[in-house]
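Enquirer: This is a predicted model, with the sequence first.
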Number of protein chains: 2
Amino acid sequence: MPQTSDIDYIRAAIALAREGMERGDGGPFGCVIVKNGVIVGRGNNRVTSSNDPTAHAEVVAIREACKQLGSFQLDGCVLFTSCEPCPMCLGAIYWARPDRVVFAGTRGDAADAGFDDQLIYDELPLPYAERRIHTDHVLREEAQAVFEAWKAKEDKIRY
Amino acid sequence: MPQTSDIDYIRAAIALAREGMERGDGGPFGCVIVKNGVIVGRGNNRVTSSNDPTAHAEVVAIREACKQLGSFQLDGCVLFTSCEPCPMCLGAIYWARPDRVVFAGTRGDAADAGFDDQLIYDELPLPYAERRIHTDHVLREEAQAVFEAWKAKEDKIRY
């Protein structure tokens, strides 16, 4: 269930979206990450201004929150994003593992504004041979050997 | 079709995977990005050492290649990765738009080594209400207002 304070945090994310767009940082997307009532990460889209196609609001905020918390996991955090995450950002969210996500705009709203997340949502489930970006597969055995070394590594840190 | 030089580049990606693992940077994953026969970006997984859950090999390499090329797009590039990309990285690849992808290990090989990309592949197509990370949706209209401002913005840079 949404909580009363959700409204304040999602408004903060939407404000970051608008301010970043007005500064010319990139697209109109913003994100804040909250832990125990404190904002620990903020992000807005910076793709075009930083020449970084991964600099979506959620990725920027996740990186900042993890740096702030000194952890590669967002246990106990809630991620507020001005728009439903694209597949890249949703993947990042799953790896970061916050407790909850709250969004405002939908992927349909984003598409209407020219951001085609849906194409990527459609491509991901396809076998690689059917995707639009041509993909080849070689040397599987040499890669498997590295995985075997990982499995045998005693001091590894799982994530 | 795979090309002869693909073997050299994928071996370079696999070597980065092994070296990064041995240094303790993170998981056993490596990536190189090539344009016109020149490596323009390199990456290996640095999740645990940099406290950055987005620091997968492909994301690191894409960020480096884009910085090197001064562009948020990877036109004319081929991305070589030691393992089939996870959904986050595949999303990043779609946003960066290289011409081609070559991978070695499969997502099954990664799962066998303890990396559960498949969970994320399974979650992404679900309606948000059915996902394991609880998700709420509020204030859509306020986010839509920012998208309307984006649509009206005359000096925007599309990506």
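Expert: Alright, I've got the coordinates. Numbers count the residues shown, from 1 in each chain, chains lettered A, B, ... in the order given.
Enquirer: So, low pLDDT: which residues of chain A?
Expert: Residues of chain A meeting the criterion pLDDT under 70: A:1-2.
Enquirer: now the strands for it?
Expert: Per DSSP state E, chain A carries strands over the ranges A:30-35, A:38-44, A:77-83, A:100-105, A:134-137.
Enquirer: center of chain A, which residue is that?
Expert: Nearest to the geometric centre of chain A sits residue A:89, at 2.4 Å (CA atoms, centre = their mean).
Enquirer: wait, doesn't that one sit right on residue A:58?
Expert: Yes: the criterion here is CB atoms under 8 Å, and residue A:89 meets it with residue A:58 at 3.9 Å. C-beta: built from backbone N, CA, C; applies to glycine.
Enquirer: overlap in contacts of those two?
Expert: Shared contacts of residue A:89 and residue A:58 (CB atoms under 8 Å, 6 or more residues apart in numbering or on different chains): residue A:81.
Enquirer: picking that back up, relative to chain B, how far out is the residue nearest to the centre of chain A?
Expert: According to CB to the nearest CB, to the nearest Å, residue A:89 stands 7 Å off from chain B.
Enquirer: Please determine how far that residue is located from residue B:121.
Expert: In this view, residue A:89 and residue B:121 are 15 Å apart by CB to CB, to the nearest Å.
Enquirer: Residue A:16 now?
Expert: Using CB to CB, residue A:16 is found at 30 Å from residue B:121.
Enquirer: Those two: who's more crowded?
Expert: residue A:16 (27 against 18; other CB atoms under 10 Å in any protein chain shown).
Enquirer: how about the nearest residue to the more buried one, chain neighbours excluded?
Expert: Using CB to CB, 6 or more residues apart in numbering or on different chains and skipping the chain neighbours, the partner closest in space to residue A:16 is residue A:30 (2.9 Å).
Enquirer: Residue A:75 is in contact with residue A:96, isn't it?
Expert: No: Residue A:75 lies out of contact with residue A:96 (CB under 8 Å); the separation is 9.5 Å.
Enquirer: The two - which one has more neighbours?
Expert: Higher neighbour count among residue A:75 and residue A:96: residue A:96, with 29 against 11, using other CB under 10 Å.
Enquirer: ok, now which ones touch that one?
Expert: Per CB under 8 Å, 6+ apart, neighbours of residue A:96: A:62, A:65-66, A:72-74, A:79, B:53-54.
Enquirer: Please identify, among those, the one with the most neighbours.
Expert: Result: residue A:79 is most packed of the contacts of residue A:96 (other CB under 10 Å), 30 neighbours.
Enquirer: Bridged to that one, which residues?
Expert: Here residue A:79 sits in beta bridges with residue A:33, residue A:101, going by DSSP bridges.
Enquirer: got a list of what it touches?
Expert: Residue A:79 makes contact with A:31-33, A:58, A:61-62, A:93, A:96, A:98, A:100-102, according to CB under 8 Å, 6+ apart.
Enquirer: out of those, who has the most neighbours?
Expert: Compared across the contacts of residue A:79, residue A:31 has the highest neighbour count, 33 neighbours, by other CB under 10 Å.
Enquirer: Let me see the contact set for it.
Expert: By CB under 8 Å, 6+ apart, residue A:31 lies in contact with A:13, A:16, A:41-44, A:57-58, A:60-61, A:79-82.
Enquirer: Correct me if wrong: residue A:63 contacts residue B:59.
Expert: No: using CB under 8 Å, residue A:63 is not in contact with residue B:59; the gap is 10.2 Å.
Enquirer: neighbour-wise, which of the two wins?
Expert: In terms of neighbours (other CB under 10 Å), residue B:59 is the more surrounded of residue A:63 and residue B:59; the figures are 30 against 22.
Enquirer: And that one, how far from residue B:45?
Expert: In terms of CB to CB, residue B:59 sits 9 Å off from residue B:45.
Enquirer: residues of the longest helix along chain A that come out buried?
Expert: In chain A, taking DSSP state H as the definition, the longest helix is helix A:4-23. Judged by neighbour count using 16 or more other CB atoms under 10 Å in any protein chain shown, the buried positions of helix A:4-23 are A:6, A:9-18, A:20-21.
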